[in-house]
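Trainee: from the sequence below, what's the structure:
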Amino acid sequence: MRFADFARYCERLEAMSGRLEMIELVSEMLSTLSDDELPVVVRFIMGKIFPDWSPLKLGIGPNLLYEAVGYVVGKKKEAVIQEINRSGDAGRAIEHLVANKEQTSFFTQELDTADVYREFEHIAQIEGKRSQREKLLAVRKLFANTSPHEARYLARLMLEELRIGVGEGNVRDAVAKAFKVSPELVEHAFQAINDLGEVARLAKQGEGALGIVHIELFRPVKMMLAQQGTIADMVRDHGAVAAEFKYDGSRFQFHKRGTTCRLYSRKLEDVTSALPDVIRRLAAATDHDVILDGEVIAVKDGMPRPFQFVLRRFRRKYEVASYIEEIELVPHVFDILYLDGRMLIDLPFAERRKNLETALRAYIAPQLQGDDVGALEGFYQKALDEGHEGIMIKDLSSRYSPGVRGKNWVKIKPEVDTLDLAVIGAEWGEGRRAHFFGSYLLACLDQGLLLPVGKVATGISDEALAELHDLFKEMVISEAGKEVTFEPSIVFEVGYSELQKSPNYESGFALRFPRFVRVRADKGIDEIDTLEGIKKRFNQKPSSGEP
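Mentor: The predicted structure is shown next:
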């Protein structure tokens, strides 16, 4: 497929609002693609370049992109930024600049999607002292060969913000429709191999190819998630349940084959080199080939330390040995997805627990099973007394559903309600905050789009104010007066007193008394709370009224 054709499909999708209409068009597009094109185009249409499990990252920030575009169109980077500020949309601004560039290329090569993907792979693999310079040259080359229309979507792909509203659910259904296979089989295969692009290629071969898909070692899958709930409701709905401690740590996925072990974070990043002590502990606790799901916590004097201590270790790339002595990390394993060649995600949780107890000699998370609400509440109090966040309540009959946040797992904790939201912008502060971002604009996820849901300014200490400014200053896409737009890549956990309907934000909701809790460095943008989830919370709890 020519990249120009891909751009035309994107433009048509961008103009659509109906889900079924989108699915029909994506299905039509997929049915025209070759086996080699399918994985690339499926990822591209969702605004992704590489599979979620892939270690490859493009490594192109807004500033480098704008510098490359400026060179191609014969303008300074500042002029590119001014055009983006005027437009409010980096893709459309760059399209306009390319259409009116001051210099003409002597030679241009028509691009197809495979060419673009190969160039992205090349950029992602560039390392070393001159890597930024080489990446800049590669980006220049790409934009020198694009039409204005192509440039709009090329820029958006690089910023990983395609803005056409096509999410995983739409693509899953489009794949099923294009190749006349079951959507359930498509979903199951996607959960197992964590790459809708590869799933589409298999779907083209038929349901037989999808049906034999299984989890692979060293290809991490998304982690099953929990929603908020109560002990009484879970017992009422499921009878006997399993209760486990809810840890204030970082989720991990441990893969082992023979003596080879890898550890992955919640965002599926390989953190093996940062946590060799955790690897050693888990490897010594099993003689089997496994994929384990758990949480690692920082411990001092036998008591758990806050989440931030764990993050310090997860982020380490150098001088890891000295940090091992300073911060002790202890893993707690609560699930098993793979054992000696067998995929276990379709087994009931109770059976997976038995497999876990067989496969692992230590570090298994404590668990209480039963339907006695009083006993479960006592277990909850025990978790709090030992310094943990609360407990998890799990349906004993539930399968493991990678990436799904459902009612089969719920979290119980005494804190105020919180949401995990993407930071998409900010306003410059005043007074003592004059040289920092004073408030941050937050967004929820809705069918692949980020919709504003409020701002947060309270709860940020002076120290955090400076740290956050350093974190975000390289992510600025555009500025207009006091308002700044960010490349969306950082997640905040934000507390609030209640949700209110609001015409002021595109989501239709606003947070009352929002308060910054922490940066969720372990979460990606695709894991933030959704508009659908916010609507459910709003309908479940009384409101003080609409503004």
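
Trainee: quick one: buried residues of stretch 283-296?
Mentor: Residues 285-286, 289-296 are the ones in stretch 283-296 that count as buried (16 or more other Cβ atoms under 10 Å). Where C-beta positions appear, they are placed from N, C-alpha and C, glycine not excepted.

Trainee: endpoints of it, how far apart?
Mentor: When the termini of stretch 283-296 are compared using Cα to Cα, to the nearest Å, they are 15 Å apart.

Trainee: re the thing from before, so which of the buried residues of stretch 283-296 sit within strands?
Mentor: Mapping the buried residues of stretch 283-296 onto strands (DSSP state E) picks out 290-296.

Trainee: any stretches of the stretch 401-547 of the chain with poor pLDDT?
Mentor: For the stretch 401-547 of the chain, applying pLDDT under 70 flags the ranges 415-416, 541-547.

Trainee: that one: helices as residue ranges?
Mentor: 462-472, 531-540 (DSSP state H, counting those that start in this stretch).

Trainee: same list, these, but as a markdown table with distance to residue 428 please.
Mentor: Formatted as a markdown table, the helices of the stretch 401-547 of the chain follow (distance: least, Cβ to Cβ, whole Å):
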| stretch | distance to residue 428 |
| --- | --- |
| helix 462-472 | 10 |
| helix 531-540 | 28 |
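
Trainee: how about these in JSON lines, adding distance to residue 150 and mean neighbour count?
Mentor: Below are the helices of the stretch 401-547 of the chain laid out as JSON lines (distance: least, Cβ to Cβ, whole Å; neighbours: other Cβ atoms under 10 Å):
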{"stretch": "helix 462-472", "distance to residue 150": "30", "mean neighbour count": "14"}
{"stretch": "helix 531-540", "distance to residue 150": "31", "mean neighbour count": "15"}
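
Trainee: alpha carbons of stretch 453-470, as PDB, please.
Mentor: C-alpha atoms of stretch 453-470 as PDB (Å, rounded to 0.1, in the frame of the first residue of the first chain):
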ATOM      1  CA  VAL A 453     -11.600  16.000  31.900                       C
ATOM      2  CA  GLY A 454     -10.100  18.700  34.100                       C
ATOM      3  CA  LYS A 455      -7.000  20.400  35.500                       C
ATOM      4  CA  VAL A 456      -4.900  19.700  38.600                       C
ATOM      5  CA  ALA A 457      -2.700  22.100  40.500                       C
ATOM      6  CA  THR A 458      -3.000  21.100  44.200                       C
ATOM      7  CA  GLY A 459      -1.000  18.400  45.900                       C
ATOM      8  CA  ILE A 460       2.200  19.300  44.100                       C
ATOM      9  CA  SER A 461       5.000  20.100  46.400                       C
ATOM     10  CA  ASP A 462       7.800  22.600  45.500                       C
ATOM     11  CA  GLU A 463      10.200  19.800  44.900                       C
ATOM     12  CA  ALA A 464       7.700  17.900  42.700                       C
ATOM     13  CA  LEU A 465       6.900  21.200  40.900                       C
ATOM     14  CA  ALA A 466      10.600  21.400  39.700                       C
ATOM     15  CA  GLU A 467      10.800  17.600  38.900                       C
ATOM     16  CA  LEU A 468       7.600  17.800  36.900                       C
ATOM     17  CA  HIS A 469       8.800  20.800  34.900                       C
ATOM     18  CA  ASP A 470      12.000  18.900  34.000                       C
END
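
Trainee: what's next to that stretch, contact-wise?
Mentor: The set of residues external to stretch 453-470 that reach it, using Cβ atoms under 8 Å, 6 or more residues apart in numbering, is 419, 421, 427, 429, 432-433, 435-444, 492, 494-496, 505, 507, 509-511, 513-517, 519, 534.

Trainee: now the strands for the stretch 251-400 of the chain?
Mentor: 260-265, 290-300, 303-304, 328-339, 342-343, 367-370, 390-395 (DSSP state E, counting those that start in this stretch).

Trainee: can you put the ones you listed in a markdown table and add mean pLDDT?
Mentor: Shown next, in a markdown table, are the strands of the stretch 251-400 of the chain (pLDDT from 0 to 100):
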| stretch | mean pLDDT |
| --- | --- |
| strand 260-265 | 96 |
| strand 290-300 | 93 |
| strand 303-304 | 83 |
| strand 328-339 | 96 |
| strand 342-343 | 96 |
| strand 367-370 | 97 |
| strand 390-395 | 96 |
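
Trainee: how about these in a markdown table, adding distance to residue 161?
Mentor: Formatted as a markdown table, the strands of the stretch 251-400 of the chain follow (distance: least, Cβ to Cβ, whole Å):
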| stretch | distance to residue 161 |
| --- | --- |
| strand 260-265 | 22 |
| strand 290-300 | 30 |
| strand 303-304 | 37 |
| strand 328-339 | 31 |
| strand 342-343 | 34 |
| strand 367-370 | 41 |
| strand 390-395 | 33 |
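
Trainee: out of those strands, nearest to residue 47?
Mentor: Residue 47 lies closest to strand 260-265 among the strands of the stretch 251-400 of the chain, at 21.3 Å (Cβ to Cβ).

Trainee: report the buried residues of that closest one.
Mentor: Neighbour-count burial for strand 260-265 flags 261-265 (criterion: 16+ other Cβ under 10 Å).

Trainee: now the angle between strand 290-300 and it, please.
Mentor: 60 degrees (axes from the mean of the first three to the mean of the last three Cα atoms, to 10 degrees).

Trainee: strand 260-265: how far from the chain's middle?
Mentor: The chain centre lies 18 Å from the centre of strand 260-265; the measure is Cα atoms, centre = their mean, to the nearest Å.
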